[in-house]
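Visitor: Prediction below, plus the sequence it came from.
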Amino acid sequence: MDDDRNRNVNIVILGSTGSIGSSTLNVIAENSGKFSLNLLTANSNDERLLDQCKNFCPKYAYMADQAASKRLRQKIIKENLTTEVLTEEKDLHEIIASDDTELVVAAMVGVAGLDTVITSIVNGKRLLLANKESYVVAGEYLNSLADKHNATIFPLDSEHSAIHQCLAGIKNKADVSKILLTGSGGPFLHTNPDLLKNITAKEATSHPIWKMGKKISVDSSTLINKGLELIEARWLFDIEDIEIVIHPEGIIHSMVELNDNSVIAQLSTPDMKIPIAYGLGYPFRISSGSKRLDLAEQGPLNFFRPDFKKFPCLNLAKEAMECGGNAPAAINAANEEAVAAFLDNRIGYLDIYKIIASVMDKIEISVVKSIQDIYETDNSSREYAIQKIKAL
Ligand code: NDP
Ligand code: MG
């Protein structure tokens, strides 16, 4: 067993330049000698990826943006680094699939990550999933694929990591009566609803507790993130009774209620390095490099029910989960387009809900028979959302 604990694990990080990707590298640095890096990927931030290549010496690097990839390649040659820059998408998939890759951290944003998630699963990798969008749109399909190919889908999202930890000591799943999914409530928890229409991108991306990428910050402010997490939890744990609890301090990261009304919770300081370390080290506990929790110093913990009227996007996501089929793919695509337009100042804050609701009204809910159905719903929902955004 101790050999297992000390065994070196070879890793791919998809989206290494982002918030989760960088925190993953911090945890890896904290545990020197335990992990090697096979591949780091990003979209267009070649400067940050270059720094990561200097500090972590991955065997390969890949950038989705071709111009950025060229720049990275030139800089790597100039700096005399050993990292090889892959230019072809097929090479990216080949490295993920190769026997050298044991564990894949999916930390890219959006459904653009779905094809690399699928490659990881069909090649039986251990997949640490932060990229919730891919799983929200295709959870059932990805689960069956993971069963077939002996792959593991392991949550990095803090709530789902907490639920995983709460369930770890429960011998019989039938003893679980409910999941209590916590959320901080976002930056507008106490904002007067009349003021929401004037919210700017800067305000929506200033989360009171978590420092995250822009897209998930906006999702947290509209509470659609909690709705996506509801769907994510449903597929990860195969438990349908899930209650959302608003907990502004972000100390309890979720709970599990049992048949005898006992409730098990996981607590820590709000720092993504903790769920990342749990996922990277599992079944062992490794150092996260985060602050210890001092409850006396922390002070009171508060809990509220969510305000579905003030945050109607949460309702839409709940409805999408209940509808099933292609509905989660539609809501995700509409949300990705609406959030991108909001961040670009093309639409107002409350238009995000309007765009998603109009897409949900428009699409025909159907059963998902193949992954192609998901891609088709994603495309048509995006097209419709883009039309609506232009018409606003
Ligand atoms: P960021 O925006 O900080 O990072 C996104 C990463 O994905 C970057 O490395 C970016 O590269 C890369 N990327 C973007 N588009 C593409 C593309 N088309 N192809 C390849 N790579 C791409 O996001 P976060 O780290 O905040 O979030 C990542 C995922 O984790 C999301 O799904 C989010 O919902 C989830 N998550 C995040 C949490 C957090 O605390 N941040 C908590 C729980 C879940 P580049 O830098 O070059 O643009
Ligand atoms: Mg979360």
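Guide: Yes, it's here. Ligands and ions are numbered 1, 2, ... in the order given.

Visitor: mind checking how far residue 112 is from residue 64?
Guide: Here residue 112 is placed at a distance of 8 Å from residue 64 (C-beta to C-beta, to the nearest Å). Yep, even glycine has a C-beta here, placed from its N, CA and C like the rest.

Visitor: What of residue 286?
Guide: 30 Å.

Visitor: Residue 188 too?
Guide: Distance of residue 188 to residue 64, given as C-beta to C-beta: 32 Å.

Visitor: And for residue 350?
Guide: Distance from residue 350 to residue 64, by C-beta to C-beta: 32 Å.

Visitor: in the stretch 1-150 of the chain, which ranges drop under the pLDDT threshold?
Guide: Within the stretch 1-150 of the chain, the segments meeting pLDDT under 70 span 1-2.

Visitor: and residue 188 and residue 64? which has more neighbours close in?
Guide: In this view residue 188 and residue 64 are compared by other C-beta atoms under 10 Å, and residue 188 has more residues nearby, 21 against 15.

Visitor: Cross-check the contact I'm expecting between the more buried one and residue 198.
Guide: No. Residue 188 is beyond contact range of residue 198, at 11.4 Å (criterion: C-beta atoms under 8 Å).

Visitor: buried sites along the lengthiest helix in the chain?
Guide: In terms of residue count, the longest helix belonging to the chain (DSSP state H) is helix 371-391. Judged by neighbour count (16 or more other C-beta atoms under 10 Å), helix 371-391 contains these buried residues: 371, 373-375, 377-378, 380-382, 384-386, 388-389.

Visitor: what sits against the residue nearest to residue 198 when sequence neighbours are not counted?
Guide: Leaving aside its sequence neighbours, residue 198 sits nearest to residue 349 (C-beta to C-beta, 6 or more residues apart in numbering; 7.5 Å). Residues near residue 349 by C-beta atoms under 8 Å, 6 or more residues apart in numbering: 196, 197, 198, 199, 200, 204, 342.

Visitor: same deal with residue 229?
Guide: Residue 229 touches 132, 157, 159, 160, 181, 183, counting by C-beta under 8 Å, 6+ apart.

Visitor: Hmm, residue 227 and the fifth one touching each other?
Guide: Going back to what we said before, that points to residue 181. No. In this structure residue 181 lies outside contact range of residue 227 using C-beta under 8 Å: 10.2 Å.

Visitor: Comparing these two, which residue is more hemmed in?
Guide: Legend: neighbour count by other C-beta under 10 Å for residue 181 and residue 227, higher for residue 227 (28 against 21).

Visitor: Quickly note the distance from that one to ligand 2.
Guide: 11 Å (C-beta to the ion, to the nearest Å).

Visitor: got it, and residue 236?
Guide: Residue 236 sits 12 Å away from ligand 2, going by C-beta to the ion.

Visitor: and what of residue 140?
Guide: Residue 140 is 21 Å from ligand 2, by C-beta to the ion.

Visitor: That residue: which element?
Guide: Using DSSP states H and E, residue 140 maps to helix 132-149.

Visitor: How about residues contacting that helix?
Guide: By C-beta under 8 Å, 6+ apart, the residues outside helix 132-149 that reach it are 106, 109-111, 113-114, 117-118, 121-124, 127, 129, 151-153, 157, 228-229, 231-232, 234-236, 328-329, 332-333, 336, 368, 371, 374, 378.

Visitor: any weak-confidence spans in the stretch 151-300 of the chain?
Guide: Scanning the stretch 151-300 of the chain for pLDDT under 70 picks out no residues.

Visitor: Report the closest residue of it relative to ligand 2.
Guide: The nearest approach of the stretch 151-300 of the chain to ligand 2 comes at residue 157, 4.2 Å away (C-beta to the ion).

Visitor: And the helices in the stretch 201-350 of the chain?
Guide: All helices of the stretch 201-350 of the chain, identified by DSSP state H, counting those that start in this stretch, fall at 201-204, 214-222, 224-237, 273-281, 295-298, 312-323, 327-343.

Visitor: Could you work out which of those reaches nearest to ligand 1?
Guide: Of all these, it is helix 214-222 that lies closest to ligand 1, at 4.0 Å by C-beta to the nearest ligand atom.

Visitor: Which residues of the chain lie near ligand 1?
Guide: Residues of the chain lying near ligand 1 by C-beta under 6 Å from any ligand atom: 15-21, 41-45, 64, 107-109, 112, 130-133, 157, 210, 212-213, 215-216, 272.

Visitor: Lovely, talk soon.
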